Every structure is written in C-alpha cells, then in structure tokens.
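K.L.:
Generate coordinates for the sequence data below:
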Amino acid sequence: MLRDARRANGEGEKNYDKLLAVFGPDTNNASDHSGALVVGDARLLALPVRSFRGTFAWVSSPLLLELARRDLGEVASGLKPPSLAGRAARLITRLINNSACLFENKIYLEDLDLPAEPDPACDGWARFLSPLVSPGEDIFSKRFVVVDDDTMSFLMETATQLDARVRLDPKTRTVAEGALWLEESLPPESLLLGLLAADRSRRNGLAMSPAEVLDYALGGATVLQLGGKATVGRGRCRMVPVAGAGGG
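P.N.:
Sure thing, here's the model as predicted:
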C-alpha cells in the first residue's frame, strides 16, 4: 500500500508539472517560465434563435462562415459560404432541403418572416458541422439556417438571452435598494469557434513537444466552465477539437 501511495504521489507530481508547463506557473512564480499554450478568442459561428417551426434554428451568416473557414484552414477548404449578394438576395434565407424550420417557403425567426430556399453550400456546412454539434442523432442539419450579414447583426442584438437578477437584503429578505439589474448572455446551444496554438515546453526538466502540449490541453474533460457566474450556471461549454483545423 505504501508503494502504491508513492506511485500515486509521483504520478500526481508529474501531472502537476505538465499542468504548469502547458498553462504556466502561478503568479508568485510567473518569472520561472512561460506557458506553452496560447488560447485565442472564441468567435460566434451560429446563434440559436427561436423559430415558428423546428423550435429553434442555428443561424449563421456568410461573414461568420467565411471567418470560420479561414480559421479552420485546410479541413474546410472545400466549403464556401452561401451567396447572399445583391439587394434581392439579401432578403432570402438559405437552408438545406427538408429543413425543420421551413413553413410555406418562409422561415420565421423571432419577429422576422423571411423567404427561404435550399442552397448546396448549406448542405456542405451542415454535413461538416453536424458530427461536431450533434454526434448522435443529427438534430443540427435540419435546423441550420444562413441569413444575410445585416439580418445576423440584428439577431445578435435582439436574440440574446436577458435575465433579470436581484440581490436580497439579508435582514428584510426583499430586494435591496438599487439591486435589480439585467444580465445579457449567449443562449444555450450557441456555437463558438476558437483557435489553440502550442509551442514546446519551457519548464526545466520536462520536455513536451507542441503536439504533446495540445494533446494534454485537449485530452481532459470535454465540458468546461469559462468566465464568471459559475454559481448560476453560466459559461458551461462542451469543447470539441477539430482535427487538422488551422493547418495544425
């Protein structure tokens, strides 16, 4: 039992060294070495929006898809955003055949009713994204919708989640004066895309290649909590690595 305890302690120390090598030391020892992992910003790829048919739609736009294609690199080289150029085309929503959100050749998002028609480019994106978004039964493809960039900007301003929050006075158990506010957040099922970059380990006595750094960072829990408001359920994300993305 003592031997097993020592072995477990040794494995724990080794794992802790890897943690420091990948993410960097704590603040008090920040001058020892830098971390080997660089975390880029997560950018919106598709916003879930309430739909008259299909309950909700994953809504994207040509600009968001073009930015995603650039970040994904060679793995998305065969994809292209649907064409929504020109004044007339801007008013037409693109989607796949047999969409769950289509009703009498229109799609109804929040208070918008938009003409819609199938587009082969949407089929390509749906096939690419569906295994990542819904690895079991495919609930993504039939709810994937592409609107023009201006409509997307409108939805990003009006279709986010707003929650009224209060702080109670501990003595009266009523709302404290001035403690009523609104919090805006991305709704559940929002799709974000970000890049991770890695370099070799700079921690003395622990050699890790860039590939090993990425394997360590991406090989743990797939559900992460990012940012604040963890006690009220904010920031829970499922992280799905995309093999070959970004040219790495």
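K.L.:
Distance of the nearest residue in space to residue 108 that is not next to it in sequence relative to residue 183?
P.N.:
Once its chain neighbours are removed from consideration, residue 108 has its nearest residue in residue 52; the separation is 3.5 Å (CB to CB, 6 or more residues apart in numbering). Backbone N, C-alpha and C define where each C-beta goes, glycine included. Counting by CB to CB, to the nearest Å, the gap from residue 52 to residue 183 is 27 Å.
K.L.:
need the strands for this protein, in chain order.
P.N.:
37-39, 43-50, 56-60, 93-95, 102-103, 106-109, 112-118, 144-146, 161-168, 175-185, 191-193, 196-198, 223-225, 236-238 (DSSP state E).
K.L.:
what's the closest of those strands to residue 214?
P.N.:
Of all the strands of the chain, the one in closest proximity to residue 214, counting by CB to CB, is strand 196-198 (4.7 Å).
K.L.:
what are the pairing partners of the closest one, and which direction each?
P.N.:
strand 37-39 (antiparallel) (DSSP bridges).
K.L.:
Show me what counts as buried in the strand it pairs with.
P.N.:
Buried residues in strand 37-39, counted by 16 or more other CB atoms under 10 Å: residue 37.
K.L.:
Tell me how many other residues crowd residue 134.
P.N.:
Look at residue 134: counted by other CB atoms under 10 Å, it has 13 neighbours.
K.L.:
Show me the one of the strands of the chain that comes nearest residue 207.
P.N.:
Evaluated with CB to CB, those place strand 196-198 nearest to residue 207, the distance being 13.6 Å.
K.L.:
what's that closest one in contact with?
P.N.:
36-40, 210-211, 213-214, 217-218, 246, 248 (CB atoms under 8 Å, 6 or more residues apart in numbering).
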